[in-house]
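K.L.:
structure here, sequence nowhere to be found:
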């Protein structure tokens, strides 16, 4: 049975070709290499994949404006059994070799040595202490060998426990133990001491300085707030208390709703599926500013604001302008949070994946977000956050020329499926004129559902009344049947709740005189 190796690559440039070569070498050694990617986002500590990855391969210039440093690499000490391989430029060799060795980063590599074979060796085996000493050119390592056990540590721990209330005696013993220690060795001591002992040393300046520095590096809720909700925490006993290390950034499911072709109906599906799901869970609909704004006026938000003298909170534009975001400001209608683009504001022209991930997590009270992507699946802001999506729903117009003319896009979604992305297909506007067999033979897919063609009388009528078509009895009966299996797939049993009391409030962007 092949050994499996999971590597998370954090590079600012595409590494797919390089990863393929690394896979080939691993394959020849009987190793199945699994690669995932993270690009340019320095919020790497919040990535869920770090929990299961065997190795992090990170580039010094992950962010050109803020290069990776040894101090930054220290943050990854919180992840057990994670090998950190950082690729540094040759210019850093002289300065960084000793400090990398001193901090126990034995597996880093400099640019001139970064052959595929060397990288595979680092990923699979790494360097031991002696090999690292040779690679980094460390001749006298005595002063740098801080990752050996501290001599006399057990004796010191016992001493402190016997003299818990005598600060002066403890300080004297600490000075005796650490007389020849540098700051890095003190730091190691901080991480090795039991919590009850650490608490008795905080009056000692040298100890407290390193203690506070370690605590300051821990990712806190405030640090993650701009990225998203917290899904879980992992606890690690260190520096005198149980510290919670934030692991993933996702606390809710994210479902991208895409169109295979223009006007296939991603917005229609997103809005009405949200209505069906809202009877069981708290849900949001997000429309990023990479599409022509559609939902804002379809829901009649403009008219509602005029009638109530309310204001609309434009999350996307505030994120684009790098303003501080206030939360719980979503527009609520029909038990759904609508985070959509205001068409009256200036078009956003520089929307990137970092802004996208912030938008995805502005709604703090929802268990699932439907994100209307339209035909923009290949937009950089979406490609950069693919791993944040639990599923993509691809809406297909069964009109033959629509799906035939977008065959390349169909192949792209199939490629995502092969790569492990959860992609499901929806046939929208399904009607008696569609030759189902010929359509499926061409598409070569298994749709998750067929959504019937809804009479334009109902669709247009809902738009003029500024309600969701799902609120119309006749439409609801048809959509409930089509959405049934999908709703069950999207809602775990533990999130089920009784059907909510639905809002009947209607409003129109045509102001009544």
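P.N.:
Alright, I've got the coordinates. A quick note: this is a predicted structure, and the numbers were derived from the prediction, not measured.
K.L.:
just the helices in the stretch 101-250 of the chain please.
P.N.:
For the stretch 101-250 of the chain, applying DSSP state H, counting those that start in this stretch gives helices covering 116-124, 129-135, 153-162, 167-177, 183-192, 195-198, 205-217, 221-225.
K.L.:
and residue 467, which of the ones you listed is closest to it?
P.N.:
helix 221-225 (34.3 Å; Cβ to Cβ). (C-beta placed from N, C-alpha, C; glycine too.)
K.L.:
can I get the helices of the stretch 101-250 of the chain in JSON lines with mean neighbour count?
P.N.:
Output for the helices of the stretch 101-250 of the chain, formatted as JSON lines (neighbours: other Cβ atoms under 10 Å):
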{"stretch": "helix 116-124", "mean neighbour count": "17"}
{"stretch": "helix 129-135", "mean neighbour count": "15"}
{"stretch": "helix 153-162", "mean neighbour count": "14"}
{"stretch": "helix 167-177", "mean neighbour count": "15"}
{"stretch": "helix 183-192", "mean neighbour count": "18"}
{"stretch": "helix 195-198", "mean neighbour count": "16"}
{"stretch": "helix 205-217", "mean neighbour count": "15"}
{"stretch": "helix 221-225", "mean neighbour count": "13"}
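K.L.:
who wins for proximity to residue 430 among those helices?
P.N.:
helix 221-225 (42.0 Å).
K.L.:
contacting residues around the helix or strand harbouring residue 72?
P.N.:
For residue 72, the element it lies in under DSSP states H and E is helix 70-74. Contact partners of helix 70-74, identified using Cβ atoms under 8 Å, 6 or more residues apart in numbering, comprise 58, 84, 86, 96, 99-100, 103, 105, 108, 217.
K.L.:
among the residues you listed, name the buried ones.
P.N.:
By neighbour count, with 16 or more other Cβ atoms under 10 Å, these hold 58, 84, 86, 96, 99-100, 103, 105, 108 as buried.
K.L.:
just checking, what's the longest helix in this structure?
P.N.:
The single longest helix within the chain, with elements called by DSSP state H, is helix 473-490.
K.L.:
packing partners of that one?
P.N.:
Other elements packing on helix 473-490 under the criterion 3 or more Cβ pairs under 8 Å, 6 or more residues apart in numbering; DSSP states H and E are helix 266-277, strand 449-452, helix 456-465.
K.L.:
now the element after the worst-scoring helix or strand of the chain on mean pLDDT, going C-ward?
P.N.:
One helix or strand of the chain scores below all others by mean pLDDT, DSSP states H and E: strand 241-246, with a mean of 28. Using DSSP H and E, the helix or strand that follows strand 241-246 in sequence is strand 253-259.
K.L.:
could you pull out the helices in the stretch 351-500 of the chain for me?
P.N.:
Counting by DSSP H, counting those that start in this stretch, the helices of the stretch 351-500 of the chain are 353-360, 380-383, 400-404, 407-418, 436-443, 456-465, 473-490.
K.L.:
can I get these in JSON lines including mean neighbour count, mean pLDDT and distance to residue 336?
P.N.:
Output for those, formatted as JSON lines (neighbours: other Cβ atoms under 10 Å; pLDDT from 0 to 100; distance: least, Cβ to Cβ, whole Å):
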{"stretch": "helix 353-360", "mean neighbour count": "21", "mean pLDDT": "87", "distance to residue 336": "16"}
{"stretch": "helix 380-383", "mean neighbour count": "18", "mean pLDDT": "90", "distance to residue 336": "22"}
{"stretch": "helix 400-404", "mean neighbour count": "14", "mean pLDDT": "95", "distance to residue 336": "28"}
{"stretch": "helix 407-418", "mean neighbour count": "14", "mean pLDDT": "93", "distance to residue 336": "26"}
{"stretch": "helix 436-443", "mean neighbour count": "13", "mean pLDDT": "96", "distance to residue 336": "31"}
{"stretch": "helix 456-465", "mean neighbour count": "13", "mean pLDDT": "93", "distance to residue 336": "15"}
{"stretch": "helix 473-490", "mean neighbour count": "16", "mean pLDDT": "92", "distance to residue 336": "14"}
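K.L.:
quick revisit: any idea how far the helix holding residue 72 is from the chain center?
P.N.:
Offset of helix 70-74 from its chain centre (Cα atoms, centre = their mean, to the nearest Å): 21 Å.
K.L.:
show me the contacts for the closest residue to residue 330 other than its chain neighbours.
P.N.:
In this structure, residue 330 finds its nearest non-sequential neighbour in residue 337, 3.8 Å apart by Cβ to Cβ, 6 or more residues apart in numbering. If you count contacts by Cβ under 8 Å, 6+ apart, residue 337 has them with 282-285, 330-331, 363, 365-366.
K.L.:
before we move on, what about residue 445?
P.N.:
Residue 445 touches 414, 425, counting by Cβ under 8 Å, 6+ apart.
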